[in-house]
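**Q** Please work out how this folds:
(2 chains)
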2 protein chains.
Amino acid sequence: MSSEFSLIERYFAQPAAALHASTPQGKEPKATLGIGDDCALLAPRRGMQLAISTDMLVSGRHFFPNVSPWKLGYKALAVNLSDLAAMGARPRAFTLGLSMPDANDRWLESFSEGLFHIARQFDCELIGGDTTSGPHVSICITVFGDVPQNRALRRDSAHPGDDIWVSGTLGNARAGLGIRRGEWSMDGGAAESAMIQSLEQPEPRVALGIALRGVAHAALDISDGLAGDLVHILKRSKVRASVNIDLVPRSEAVAAMPAEMQLQCVLAGGDDYELCFTAPAEARPKIERIAKRLKVPLTCIGTIHNLAAPGDTPAIDWRGNNGPVLFRVKGFDHFHAD
Amino acid sequence: MSSEFSLIERYFAQPAAALHASTPQGKEPKATLGIGDDCALLAPRRGMQLAISTDMLVSGRHFFPNVSPWKLGYKALAVNLSDLAAMGARPRAFTLGLSMPDANDRWLESFSEGLFHIARQFDCELIGGDTTSGPHVSICITVFGDVPQNRALRRDSAHPGDDIWVSGTLGNARAGLGIRRGEWSMDGGAAESAMIQSLEQPEPRVALGIALRGVAHAALDISDGLAGDLVHILKRSKVRASVNIDLVPRSEAVAAMPAEMQLQCVLAGGDDYELCFTAPAEARPKIERIAKRLKVPLTCIGTIHNLAAPGDTPAIDWRGNNGPVLFRVKGFDHFHAD
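**A** From the prediction side, this is the model:
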């Protein structure tokens, strides 16, 4: 944490102090030691473990080079907070690695404002960083959250018979990417704005993740698309899934898109950062109460099954209201396509 | 931690498993959950805090684009372990963010071998990562270590009257950089190899940092050069320093360089990753025993003083055996120059 000391101090240490200043009186500061030493010092709260996640975002790959720096700062932390949400962890702190072509004051100011906007919203403190010049913008955030011992929502805990749930609606972010790329256009009105908002300012489902501790079996966040991400749960839990594509929730605007394009957005579009989780059938009333309390739509879209035989492939059987459906992902063509 | 899942699994998850396999029986695995979920899970050991540091390394800025990937993997973790050493923390785990132009199998294999070589050496487990394609190689490592509550070696704890110490010798890495850049040449023999070794495979002073808990007052690692780094301690501790440049330890090969170039290497050269620390005079016998036990030369080079007045600048007064010396850093022209 040595280089570009002055930049870190100027743009990133001060808002962190402001974060402290807005902390209710009597509440302990979260990190014992933050920016300005060789290391930050952090301990999980009593009975907790730290959940830790890292994401690397590269210009042209994960965001358009001309994206608003405010929105970039916001989204860079949002996608990491989404990983905490997927574990049922409560945000504590993060570190920032940032390389950029030149130390542009306006860019840095706007980037840090977007970053600290969401940091304050989720009470997540910047405790260390390293900024450096480099040929293009790349951002590496490592985020830390508290989760009680043995209560984390893992990917390997889905049981046969579990319901499969998703939060919110799927496909909006991919539709927004299509608009930004000029692949299609909407009316330019509210629906279009909502799609771009989903792409550029996703809302990490932190409160939902915490509410699902002890209720859900397995969980993850949908960053690369339902079709690809759900398979991560299936592989690690050694199970199959059947999913009714007509039940997968989508916005009215996405539902109005042509059928094939619509399915690609809903089932294979990334960047929505909704949660997908499994839970036993007896948890349905609890889950419905959580949905109501948090005002987050939660929709049951399918069921977890045993593998037919030990050598069977963990995979998704897609069906619709009228029977089996053949669905193939047409490559991962969204921002997380690596 | 979602993208490039297969790359992380292929090159980085397996050696981490091997790391576990070589763990002595009965010793707990360090992370509860590692690569393959949304987050890793980690808790400090009883009575400990986590020391956390992040470094971002960019091709052309912190390393030559044609550097051996093995050495790059080694050094990327070494510089982070050095930050832990500077806090007196014992390495536990790290996360890796990696972007590179194309997923070159040979490059990745060699990079991961260098990385895991030093990871095994310091018992530091890879618990998560994110690899992605990008226009050039950049590496962001976040490292975690255990340090007992209130025993961390901070930068703000130097006291007037403290001795100032450095480990090893200074200037070798900067001299090695000069050779790599063609600024000067040596005999091509052992001295030259040693300098390049210092540049490319610095040895983090982890055992020394741990031994200095409760002995040293303030400490940091010298990544940007003694002249710049010591000032970080002075500013945060609100003190001045006097340093005898004739006492600053250097290798025989560096001592044979022309006087002015030699001083720039020794006092302003970065990348040596030795520790600089302050300690009360009564700790001298203890420090000499530590040096002997760890076989690391420790040299007292100066003294911490009070500021002359509250508005006085925390700065270094350079002197030699024959009286005051005027020394100016000629810009930070080494790899950490940002």
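**Q** helices or strands next to the top helix by length along chain A in the packing?
**A** Once chain A is assigned using DSSP state H, the helix that runs over the most residues is helix A:69-87. Packing partners of helix A:69-87 (3 or more Cβ pairs under 8 Å, 6 or more residues apart in numbering or on different chains; DSSP states H and E): strand A:48-58, strand A:90-100, helix A:105-121, strand A:138-148, helix A:190-200, helix A:206-211, strand A:219-221. C-beta coordinates here come from the backbone N, C-alpha and C atoms, glycine included.
**Q** now that helix against helix A:190-200, angle please.
**A** Orientation check (axes from the mean of the first three to the mean of the last three Cα atoms, to 10 degrees): helix A:69-87 against helix A:190-200 gives 70 degrees.
**Q** Only alpha carbons, please: show helix A:69-87 as PDB.
**A** Extracted in PDB, the C-alpha atoms of helix A:69-87 (Å, rounded to 0.1, in the frame of the first residue of the first chain):
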ATOM      1  CA  PRO A  69     -16.800   7.500 -13.400                       C
ATOM      2  CA  TRP A  70     -19.500   8.000 -10.700                       C
ATOM      3  CA  LYS A  71     -21.400   5.000 -12.000                       C
ATOM      4  CA  LEU A  72     -18.200   3.000 -12.300                       C
ATOM      5  CA  GLY A  73     -17.200   3.700  -8.700                       C
ATOM      6  CA  TYR A  74     -20.700   2.700  -7.600                       C
ATOM      7  CA  LYS A  75     -20.800  -0.500  -9.700                       C
ATOM      8  CA  ALA A  76     -17.300  -1.600  -8.800                       C
ATOM      9  CA  LEU A  77     -18.300  -1.900  -5.100                       C
ATOM     10  CA  ALA A  78     -21.900  -3.100  -5.900                       C
ATOM     11  CA  VAL A  79     -20.700  -6.300  -7.600                       C
ATOM     12  CA  ASN A  80     -18.500  -7.100  -4.700                       C
ATOM     13  CA  LEU A  81     -21.300  -6.400  -2.100                       C
ATOM     14  CA  SER A  82     -23.400  -8.800  -4.200                       C
ATOM     15  CA  ASP A  83     -20.900 -11.500  -3.500                       C
ATOM     16  CA  LEU A  84     -21.300 -10.800   0.300                       C
ATOM     17  CA  ALA A  85     -25.100 -10.900  -0.100                       C
ATOM     18  CA  ALA A  86     -24.800 -14.300  -1.800                       C
ATOM     19  CA  MET A  87     -23.100 -15.600   1.300                       C
END
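**Q** Figure out how far it is from the centre of its chain.
**A** 6 Å (Cα atoms, centre = their mean, to the nearest Å).
**Q** doesn't residue B:132 make contact with residue A:61?
**A** Yes. The criterion here is Cβ atoms under 8 Å, and residue A:61 meets it with residue B:132 at 6.1 Å.
**Q** which of the two has more neighbours?
**A** Higher neighbour count among residue A:61 and residue B:132: residue B:132, with 23 against 19, using other Cβ atoms under 10 Å in any protein chain shown.
**Q** between the strand or helix carrying the more buried one and strand B:90-100, how many degrees?
**A** Assigning secondary structure by DSSP states H and E places residue B:132 in strand B:125-133. Put simply, strand B:125-133 runs at 10 degrees to strand B:90-100, going by the same axes, to 10 degrees.
**Q** quick one: average confidence on strand B:125-133?
**A** For strand B:125-133, the mean per-residue pLDDT is 88.
**Q** Each with direction, which strands does it pair with?
**A** When sheet partners are counted by DSSP bridges, strand B:125-133 sits next to strand B:90-100 (parallel).
**Q** buried ones in the strand it pairs with?
**A** Burial within strand B:90-100, assessed by neighbour count using 16 or more other Cβ atoms under 10 Å in any protein chain shown, is assigned to B:90-100.
**Q** Report how many residues lie close to residue A:280.
**A** Residue A:280 is flanked by 14 other residues according to other Cβ under 10 Å.
**Q** any idea how far residue A:67 lies from residue A:199?
**A** Distance from residue A:67 to residue A:199, counting by Cβ to Cβ, to the nearest Å: 10 Å.
**Q** on that earlier part again, in a markdown table, list the helices and strands packed on helix A:69-87 along with mean pLDDT.
**A** Shown next, in a markdown table, are these (pLDDT from 0 to 100):
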| stretch | mean pLDDT |
| --- | --- |
| strand A:48-58 | 94 |
| strand A:90-100 | 94 |
| helix A:105-121 | 93 |
| strand A:138-148 | 96 |
| helix A:190-200 | 88 |
| helix A:206-211 | 98 |
| strand A:219-221 | 96 |
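**Q** near chain B, which residues of the stretch 151-300 of chain A?
**A** Selection of the stretch 151-300 of chain A residues close to chain B by Cβ under 8 Å from any Cβ of the partner chain yields A:152, A:154-156, A:219-221, A:223-224, A:229, A:232, A:236.
**Q** Go again with 6 Å.
**A** Within the stretch 151-300 of chain A, the positions near chain B by Cβ under 6 Å from any Cβ of the partner chain are A:152, A:154-155, A:220, A:223-224.
**Q** What is the most widely separated pair among these?
**A** Largest separation among these by Cβ to Cβ: A:152 and A:224, giving 20.8 Å.
**Q** helices or strands up against the helix or strand where residue A:231 lies?
**A** Using DSSP H and E, residue A:231 maps to helix A:226-237. Judged by 3 or more Cβ pairs under 6 Å, 6 or more residues apart in numbering or on different chains; DSSP states H and E, helix A:226-237 is in contact with no other helix or strand.
**Q** average model confidence for it?
**A** Here the average pLDDT along helix A:226-237 is 94.
**Q** ok, and what's touching the following helix or strand past it?
**A** Remark: after helix A:226-237, the chain's next helix or strand is strand A:240-244, criterion DSSP H and E. Residues outside strand A:240-244 that contact it (Cβ atoms under 6 Å, 6 or more residues apart in numbering or on different chains) are A:164, A:234, A:301-305, A:307, A:314-319.
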